[in-house]
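1. quick check, what structure comes out for this input:
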Amino acid sequence: MAIIETTIGQLRTAAGLNPTDQYYTTDICQEGFWYADGYGSLIDDNLGTVLWNSNSGQLFKRVYDAGFVNAKWFGAKGDGTTDDTTAIQASLDCISDHTDLTLTVGGGTVFLPKGDYMITDTLLVGQNCRLIGVSNRYHGFYLNASSSAGTVIRANFDDNNKWVISSATYNQYNGSFILLPYDIALSKGGRPNTPPDYNSYTYDNYIYRMGINIENLTIDGGQNVAFGGIRLSNAGNSTIRNVGVFNTRCGIMLNTCWGGSIENSFTNSEWYGVLTISCNSLLIIDSYIRGRNQKHEGYHYEPLIGAEELPKFIYQDSQYSDWGLDDDVKYGKTSIYCSDTMSLAINATVAEQSANGIACLCSSVMSLTSIYIEEMVNYGITIGVSIKHPITNQLIENQVIADQVNFYWMKAAFYLGSYVMAQLHTIFYDGPSFANNQLFVYNSDCVDRNILFSNTVYVKRKYYSDILFIDEGVHGQNYGAVYIDPTSGNDDNYGFNKNDALQTFDSALVRVQNQSTINPIKTIYIKAALPVSENVTAQTDAAIKNLNIVALENCNILITSYDFSETHPKARIYFEGREDKIAEIGRIDLLSNVNLYFKNVDLVCNTATAMSAEPTNLSMFGLTNSYAKVTFESNDEMYPMVPSVTGNIFLDLAYFIFQANIKVAMANTPQSLLDVKFLNINIVGVAGLSSNLTGTNSLGVDCVQINSIVPSAYYSLPNTGWQDAVIMRNNF
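-> Sure, this is the predicted structure:
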């Protein structure tokens, strides 16, 4: 057997070739040994591993390790000008024919040496195919140094509504084998708001293409900007590793994939960097997802995607407001967009310069760890939208855990919609002084949320009962206390420290009630105020209890003052009344199991000028078939036996401290029990301590007085003292 040097062209056309000889082709980048192996036809010739001789009909096959081919064997040039589409597709089909509709074919590697490979149509990848190039890890410098970009696949599409690389996923619906359209995503079958013909796009109507690996490549969508870089559909156990995508509207999309990953990759796309749609068990790790944000007069802005341009795999028919979100999520360009995806982990990844960072919609069990998000026009992480199980029709809530996330410069770090369950730990946000600096969007119309923040280094935040903080850091600690600063506080704050103080007493009571089980508040601190005098009104520096009625139960609270001094000796709570000066004030209802201890805090009612014919509320505290303990203590020196300007508790002419209401009239039978103590307290008022508006003796009282002055001590008017009590012990 002789070894004959020849060329690819000669093996194809030469006559009289000896089938027992071995041939060696010397074509540059196509070198290799060949041997004759039977007869065939032109259809068998793929240029790279099988050649057909037109004279003899013989087939010559390349000697190579099965499972590994070089795209240049098939005629790919990689010179930036030659159309390499046919050659690269032939190399892919040699490993796994994209037209084969079975699930068992294929397996091997296609190698693309360093070069610039121009293509004019989408490359289709089959089952168990690995496409690998020579990587330039400095993807971020690609546009400035394309000559050193390793292996580049560059699109030169006349029709830019194409993907550069796509899994060869064909429709079997009604027996027609059609490649999945470029802007359609397959559905798992239960995804709402899909196109009207979504049944034909259910994943089980399409051929699987599993085990695809794409590595060490730079994808360039070209001057016309291709629709997308890489799309894998129905491609379980697939990996995209060390890939850079540029000049596309969408970077990388995984659709109805499971058990796959995107690793050490880079995208610089106009609309979406990475999309995971209807997937299970995915990992995005060690990647850098950058948008095409622009600067304008020192600010960043990003135009929205038009409704006519929006891909069909983005929810289009739903009102985002129903989910507690806005259209900035729907039409906003997004770094990582996840929908209808279960069990997704995003680790050690950067998202920057887009409209939105990470959007997790209709998804569940999401883990975000070691994330950096920078320069977003709108939101850093958006979580929301409920979906219904296709069989049980039950709501599936978003379940998200985020840990070690750093935000820089955006409208809001988090946008938390309806049906969200999230635990957000070790969160830091920083940005220029002109940024809005919101930790999360203030969307109070959301429903069924349960959000928990911890270790959040942040200045501004807003309170909602379904968004809780259990911080223990300097900037947001919560040690079972809430602060009120009537002068500079804000009821939207959480009030967990002096810098985050609330403004009114009502807001503090709401915090107590809403967090009484998850994170119980034991102390309410009120900033000390100037004493009431000729020049200082009772409202000055006071924590306002407004005209609303607030109910408390199951709490044990100390209400005291902070930042007190000689000029500001203690705090004050002012119970507002009606603006028309008709006697009526807001009340605190003590429903059950309530223990309030007021220490060095004065209570003052507004001054009424007239009494309503049927007053609805004349008391500070109300009991309804309940039991409560209330203590008032002051560190004042003993007051003289004459009325002071206001006293520690100022009731004016018409008000009471307590009132008992009953649900069922049972005359002369206590329906509520009160354990009350006055320690060094001066009470100023006329009507008395408790009203008798119900017409029944419905209050049982256990009272202790130490060094205190009550109205009955210096007024001889009737109706003083406990008018509504049937049982008294240790009375004055």
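2. just the helices in the stretch 151-300 of the chain please.
-> Assigned by DSSP state H, counting those that start in this stretch, the helices in the stretch 151-300 of the chain number zero.
3. any low-confidence regions in it?
-> For the stretch 151-300 of the chain, the stretches with pLDDT under 70 are 173-176, 189-200, 293-300.
4. if we go to 90?
-> Along the stretch 151-300 of the chain, the parts satisfying pLDDT under 90 run over 169-180, 184, 187-208, 291-300.
5. same thing with the stretch 351-500 of the chain?
-> Across the stretch 351-500 of the chain, the ranges flagged by pLDDT under 90 are 361-366, 375, 377, 384-399, 408-412, 417-421, 428-450, 452-481, 492-500.
6. okay, strands next: where are they in it?
-> Under the criterion DSSP state E, counting those that start in this stretch, the stretch 351-500 of the chain carries strands at the ranges 364-384, 387-388, 395-396, 398-408, 412-416, 420-430, 438-440, 450-457, 467-469, 481-484.
7. reformat those strands as a markdown table; add mean neighbour count.
-> Every residue, glycine included, has its C-beta placed from N, CA and C. Listed next are the strands of the stretch 351-500 of the chain as a markdown table, based on neighbours: other CB atoms under 10 Å:
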| stretch | mean neighbour count |
| --- | --- |
| strand 364-384 | 23 |
| strand 387-388 | 18 |
| strand 395-396 | 15 |
| strand 398-408 | 21 |
| strand 412-416 | 26 |
| strand 420-430 | 20 |
| strand 438-440 | 22 |
| strand 450-457 | 18 |
| strand 467-469 | 22 |
| strand 481-484 | 24 |
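8. what ranges does the stretch 501-650 of the chain have for its helices?
-> Counting by DSSP H, counting those that start in this stretch, the stretch 501-650 of the chain has helices at residues 505-514.
9. surely residue 361 meets residue 314?
-> No - with contact defined as CB atoms under 8 Å, residue 361 does not reach residue 314; the gap is 9.4 Å.
10. next, count neighbours for residue 689.
-> For residue 689, the neighbour count with other CB atoms under 10 Å is 27.
11. gap between it and residue 651?
-> 8 Å (CB to CB, to the nearest Å).
12. same check, this time on residue 226
-> 77 Å.
13. now swap in residue 530 and tell me
-> Residue 530 is 21 Å from residue 651, by CB to CB.
14. would you list every one of the strands in the stretch 201-350 of the chain?
-> Using DSSP E, counting those that start in this stretch, the strands of the stretch 201-350 of the chain run over 213-220, 226-233, 239-246, 248-255, 258-263, 266-268, 272-277, 280-285, 288-290, 294-296, 299-301, 334-339, 342-361.
15. just checking, what packs against the fifth one?
-> If contacts are counted by 3 or more CB pairs under 8 Å, 6 or more residues apart in numbering; DSSP states H and E, strand 258-263 sits against strand 239-246, strand 248-255, strand 280-285.
16. looking at those, which is closest to residue 328?
-> Nearest to residue 328 among the helices and strands packed on strand 258-263 is strand 248-255; the distance by CB to CB comes to 18.3 Å.
17. show me where the stretch 551-700 of the chain has its strands.
-> Counting by DSSP E, counting those that start in this stretch, the strands of the stretch 551-700 of the chain are 571-575, 588-599, 601-605, 619-624, 627-633, 649-650, 656-661, 672-679, 683-684, 699-706.
18. residue 329 is nearest to which of these?
-> Nearest of the strands of the stretch 551-700 of the chain (CB to CB): strand 588-599, 40.4 Å.
19. could you list the buried residues of the closest one?
-> Buried positions in strand 588-599, judged by neighbour count with 16 or more other CB atoms under 10 Å: 588-591, 594-599.
20. before we move on, back to that, and residue 530 and residue 651? Which one has more around it.
-> residue 651 (26 against 15).
21. can you name the residues that contact the nearest residue to residue 127 once chain neighbours are set aside?
-> Nearest residue to residue 127 in three dimensions, chain neighbours excluded: residue 106, at 4.0 Å (CB to CB, 6 or more residues apart in numbering). Residue 106 is in contact with 95-97, 100, 126-129, counting by CB atoms under 8 Å, 6 or more residues apart in numbering.
22. highest mean neighbour count out of the helices and strands packed on strand 258-263?
-> Greatest average neighbour count among these goes to strand 248-255 (a mean of 27), per mean count of other CB atoms under 10 Å.
23. what's in contact with that one?
-> By CB under 8 Å, 6+ apart, strand 248-255 touches 164, 185-186, 219, 221, 225-235, 238, 240, 243, 245, 260, 262, 265, 267-279, 282, 289, 311, 313.
24. tell me the strands beside it, with direction?
-> In the sheet, strand 248-255 lines up against strand 226-233 (parallel), strand 272-277 (parallel) (DSSP bridges).
25. can you put these in CSV and add mean neighbour count and distance to residue 559?
-> Listed next are the strands paired with strand 248-255 as CSV, based on neighbours: other CB atoms under 10 Å; distance: least, CB to CB, whole Å:
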stretch, mean neighbour count, distance to residue 559
strand 226-233, 28, 60
strand 272-277, 28, 50
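26. dump these to TSV, plus distance to residue 54.
-> Formatted as TSV, these follow (distance: least, CB to CB, whole Å):
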stretch	distance to residue 54
strand 226-233	37
strand 272-277	47
